[in-house]
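**Student:** Fold the following for me, if possible:
(2 chains)
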There are 2 protein chains.
Amino acid sequence: MPDHAQPRTRSIPFDAARLDALMEQAGLDALVVTSKHNVQYLLGGYRFAFFDHKEAIGLSRYLPVLIYPRGRPDRAAYVAARLESFEHQLDRFWMEDVRTVSWGTTDAMEAAVGRLRGLGLPLRRIGIEPSFLPFDAATLLRDALPETEWVDAVVPLERLRARKTAAELELLRQASERVVAAMQQAFAACSPGMTKRAVVDVLRRAEVERGLTFEYCLITAGTSLNRAVSDQVIAAGDIVSLDSGGNYNGYIGDLCRMGVLGEPDAELQDLLAEVEAVQQAARRPLRAGATGDEVYAAAEAAVAASPNRAQMHFLAHGMGLVAHEAPRLTGCGFVPYSGFDAKRPLDAGMVVSIETEIRHPRRGFIKLEDTVAVTTTGCEGFGDAARGWNRAGLG
Amino acid sequence: MPDHAQPRTRSIPFDAARLDALMEQAGLDALVVTSKHNVQYLLGGYRFAFFDHKEAIGLSRYLPVLIYPRGRPDRAAYVAARLESFEHQLDRFWMEDVRTVSWGTTDAMEAAVGRLRGLGLPLRRIGIEPSFLPFDAATLLRDALPETEWVDAVVPLERLRARKTAAELELLRQASERVVAAMQQAFAACSPGMTKRAVVDVLRRAEVERGLTFEYCLITAGTSLNRAVSDQVIAAGDIVSLDSGGNYNGYIGDLCRMGVLGEPDAELQDLLAEVEAVQQAARRPLRAGATGDEVYAAAEAAVAASPNRAQMHFLAHGMGLVAHEAPRLTGCGFVPYSGFDAKRPLDAGMVVSIETEIRHPRRGFIKLEDTVAVTTTGCEGFGDAARGWNRAGLG
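**Tutor:** The predicted model follows:
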């Protein structure tokens, strides 16, 4: 085990000044971060194996806890699972205080409380993540620090992550390109008589083969609008939509591509062209300084001009470590923060997912979803291959 | 969408009488189940794609909620994500009341509260899962039902799952056999100059190729006792331990096997034989009616007789949908429930993971972990192949 008594000088792997400013604005003295994505971000990309898959362990669950006192990164701490002692031996953490002690939620929070009490700093208001703080850990924290006010820190943390670094952009590019390459492989493997489940199995393996963690695939075949993985058999002439998420070191590739078992007829060509027109319209205004409203106005004008506008749906949302994160280009009605970036200028380094679909009652589900990075002069698509009709059986 | 007005007669996929009895014993009027593993269990093996990977969605996280009123499975309900409407269309749920409405934790719990209020049944005491109930959903439930007392239902639910059905045993057998087959493939691929990371990449792909969801791999090489995935280079003559968990439809295969790049010398043969002796000693008393104490007494006698007892560790624990679940064969000091099965007779259909390791200061980390099902007459190993020294480079 490393010697905890040795203070280390280590560069902080995120923009601490920006985090401090966001915390100041929210009136936060310290953060108690318990979501895997924000822990990963504040640890500079660190990703323990349990970040991907592990929920339950014994009667409890894995809970990483990162403590960050505003303006005092030198007093930050990370409370980890016992198995993370092996990562600690390899010197993978930037902070001095790392406690690899936990099996579950309450022993993790007990160690975190110990650190918070030992800080000797004012803790009038602490930021928590309400959806990522288990009830038992919350109760323990409440009882230990009854005077402390809790504030939802999810939005400040999301704002911190909104502008991606060059390294993050590269991870998102890799994630997107690899998902699309895996889809091309899956379309190539499609043949009449295969089930949707079998196609998803090919896609899953193709994603893993490319170093991705496969997360999910929504799939339609033929004229059905049902997107579940099932034993539906694919027939000659069917169209197939693949909408899959896979992550590359936590960064999400989430795209949709279309395939067909045979040659697409003129109507299918037209339908995909309609979708493509909306996708391209959304990209046109996208650049640093544009607002969410401008992106939506351009896309909605294209939808309005589309023959199938009644069955067409357009959506644009930020993405990164989380599917559907900042920028928040439009309101969706269920969180007060939604639409935050509708009237604000976008920044270079923000990454947006744009999706257009037609739920065609006679021809089936036709969709493109693309990942687009905002630059100072425009935008750049990640994984822009295979956006037409992919012929099944062609490698 | 299915017509919710049509009541359906559907068989309940778990032992409802046993669940009702466990709830009676704990004084529970209803369960509000929010862990993925218990939701899967109570839905008869249903496993949405988000059960494996999805944590964050937007500002919140995926939260399935299953409501079960004691003695009234006809009034059970499942609150699901909107995307699960496709699963609902395919008629995958046994209960009549399925609400595919949620994006995150609070809208899920709002729908669950709506159902609880509409039950018209007494709700004096409800069972929750404290580590799997997010703080924001807990607050919403508390405010909506302020008179209701909350009780930890994790132990009754774990007892419900302790005896596996024939179908569950087959899933655990498949999981174990496939993990071991993947390990054999990974050992075969080992060669001097490979990093530990590269070996784990082979294992990950080999597990996915076999239909498993890869969860994690602890790996050592040479004389090091560090089990993290890293860029440590493996050399000729090194021993390699692979301890990996992968799940098959949620059921966990978790085993450890040993490899060597070359021929094992006499000392290595002896060390693995010592480990094997403890593993076999633990199996000997294992049968329906035996107690956890008897298993531990046999294993500990074998440890005491071992030349390397000072560096030797033995552990036995139940497994299934969760690593480290019931039966609870021994106390581990951090939960009151631990050791529950130390003095109680084990049942046929319980599944136990037994692990013995030597942390040898000069030769490295040597371990076997096996999965063993309890039967009426003894026990049966799942995935019992490859328990000696696996030669690297040999297919």
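**Student:** Kindly report the residues of the stretch 201-350 of chain A close to chain B.
**Tutor:** Taking Cβ under 8 Å from any Cβ of the partner chain as the contact definition, the stretch 201-350 of chain A meets chain B at A:201, A:204-205, A:208-209, A:211, A:213-218, A:226-230, A:247, A:321-325, A:334-335, A:337. C-beta: built from backbone N, CA, C; applies to glycine.
**Student:** Sorry, slip of the keys, the one I care about is the stretch 1-150 of chain A.
**Tutor:** When proximity is defined as Cβ under 8 Å from any Cβ, the stretch 1-150 of chain A approaches chain B at A:35-37, A:49-50, A:52-61, A:63, A:83, A:86-87, A:89-90, A:103-107, A:128, A:130-139.
**Student:** Look up the closest residue to A:T195, ignoring the ones flanking it.
**Tutor:** Excluding its sequence neighbours, the residue lying closest to A:T195 (Cβ to Cβ, 6 or more residues apart in numbering or on different chains) is A:D231, at 4.8 Å.
**Student:** residues contacting that neighbour?
**Tutor:** A:195-197 (Cβ atoms under 8 Å, 6 or more residues apart in numbering or on different chains).
**Student:** Tell me the buried residues within the residues of the stretch 1-150 of chain A next to chain B.
**Tutor:** Buried members of the residues of the stretch 1-150 of chain A next to chain B, scored by 16 or more other Cβ atoms under 10 Å in any protein chain shown, are A:35-37, A:49-50, A:52-61, A:63, A:83, A:86-87, A:89, A:103-107, A:128, A:130-138.
**Student:** Can you classify A:S244 by secondary structure?
**Tutor:** strand (DSSP: H, G, I helix; E, B strand; the rest coil).
**Student:** That one against A:V229, yeah?
**Tutor:** No. Using Cβ atoms under 8 Å, A:S244 is not in contact with A:V229; the gap is 10.8 Å.
**Student:** Give me the common contacts of these two.
**Tutor:** A:C217.
**Student:** Looking at these two, which is more packed in?
**Tutor:** A side-by-side neighbour count of A:S244 and A:V229, using other Cβ atoms under 10 Å in any protein chain shown, places A:S244 first with 28 against 22.
**Student:** Please flag which of the buried ones among the residues of the stretch 1-150 of chain A next to chain B sit within helices.
**Tutor:** Among those, the members found in helices (DSSP state H) are A:36-37, A:50, A:52-53, A:86-87, A:89, A:105-107, A:135-138.
**Student:** Looking at those residues, which gets the smallest pLDDT?
**Tutor:** Within those, the minimum per-residue pLDDT falls on A:H53 (79).
**Student:** contacting residues for that residue?
**Tutor:** B:52-53, B:213-216, B:247.
**Student:** can you rerun that using 6 Å?
**Tutor:** B:E215 (Cβ atoms under 6 Å, 6 or more residues apart in numbering or on different chains).
**Student:** How far off centre is the helix or strand of chain A with the lowest mean pLDDT?
**Tutor:** Taking mean pLDDT, DSSP states H and E as the measure, chain A has helix A:50-53 as its least confident helix or strand, at a mean of 84. Helix A:50-53 sits 14 Å away from the centroid of its parent chain (Cα atoms, centre = their mean, to the nearest Å).
**Student:** got a list of what A:V32 touches?
**Tutor:** Residues in contact with A:V32, defined by Cβ under 6 Å, 6+ apart, are A:126, A:128.
**Student:** let's see 8 Å
**Tutor:** Counting by Cβ under 8 Å, 6+ apart, A:V32 makes contact with A:65-67, A:112, A:116, A:126-128, A:133, A:141.
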